[in-house]
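Student: Using only what follows, build the 3D model:
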Amino acid sequence: MKSRDWKSYAELIGIVAIVASLVFVGMQIRQDQVIARSELTSDSFQLMIGLDQNLIDPGFARTFAKMLDRSEELTTSEMVQLDSLLGTVKTMYQRECYLKARGILVECEQIFRETGEKYFGNWYGQSWWRLNKPQIAGDLGGLPDWIDMEIENMDPDHYSQRIHEAGSQN
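Tutor: Here you go, the predicted structure:
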């Protein structure tokens, strides 16, 4: 074989090696994206679980039930707890919608549809929303207009009625 042939084969092998390494790097980047999205989704579900864990604490469950049925009887301390809870829920919605707007996650609507009525389908939650709307509009990431419209159009008695109906069937 001539040295020119060896040189051609060596260049071809080099090109194949470069292409293979680029394909490998591309696969690694894709895998990292999948892992990152999985972690973000897991974080979302952990946040939702944490919010629900608050509701099974007997002390806070009483506060939450009072918010649904007798919000006029809430103490200042209970209102502070509920303000923190509703603020956390709002932040969760912002996070999910922010990630959706950037094409990272798609769960914004799903999470709102699964939790919105629980937190804002009552008189207190809707009042809280109206009072905090100016802050919501200016926050990083914002929230889509449809969330505001959904909350404004919720029946403030529906969630409480549903809970009572479920309890009376047991």
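
Student: Kindly indicate whether residue 154 is helix, strand or coil.
Tutor: Assigned by DSSP: H, G, I helix; E, B strand; the rest coil, the conformation of residue 154 is coil.

Student: Now it. Its backbone dihedrals?
Tutor: phi -70, psi 140 (degrees, to the nearest 10).

Student: List the contacts of it.
Tutor: By Cβ atoms under 8 Å, 6 or more residues apart in numbering, residue 154 lies in contact with 116-117, 120-121, 126. Glycine gets a C-beta too; all of them are placed from N, C-alpha and C.

Student: The same query, at a cut-off of 10 Å, please.
Tutor: The contact partners of residue 154, taken as Cβ atoms under 10 Å, 6 or more residues apart in numbering, are 116-117, 120-122, 125-126, 129.

Student: now it: how far from residue 112?
Tutor: Separation of residue 154 from residue 112 (Cβ to Cβ, to the nearest Å): 11 Å.

Student: just so I have it, where are all the strands in this protein?
Tutor: Assigned by DSSP state E, the chain shows no strands.

Student: longest helix anywhere in it?
Tutor: Using DSSP state H to define each element, the chain has its longest helix at helix 3-56.

Student: Give me the common contacts of residue 154 and residue 112.
Tutor: Shared contacts of residue 154 and residue 112 (Cβ under 10 Å, 6+ apart): residue 120.

Student: Please name the residues that touch residue 114.
Tutor: 48, 107.

Student: Please name the nearest non-neighbouring residue to residue 126.
Tutor: Leaving out its chain neighbours, the residue that sits closest to residue 126 by Cβ to Cβ, 6 or more residues apart in numbering is residue 156, at 5.5 Å.

Student: Can you list which of the contacts of residue 154 are found in helices?
Tutor: Per DSSP H, the contacts of residue 154 map to helices at 116-117, 120, 125-126, 129.

Student: ok, which pair from the residues you listed is furthest apart?
Tutor: Greatest spatial distance among these (Cβ to Cβ): 117 and 129, at 12.5 Å.

Student: For residue 70, give me the backbone phi and psi.
Tutor: phi -140, psi 60.

Student: Number the chain from 412, please
Tutor: From this message on, residue numbering opens at 412, which makes the last subject residue 481.

Student: For the longest helix of the chain, name the packing helices and strands.
Tutor: With contacts defined as 3 or more Cβ pairs under 10 Å, 6 or more residues apart in numbering; DSSP states H and E, the packing partners of helix 414-467 are helix 469-480, helix 487-512, helix 519-531.

Student: Please point out which parts of the last one sit buried.
Tutor: Applying a neighbour-count criterion of 16 or more other Cβ atoms under 10 Å, one finds 519-520, 522-523, 526-531 buried in helix 519-531.
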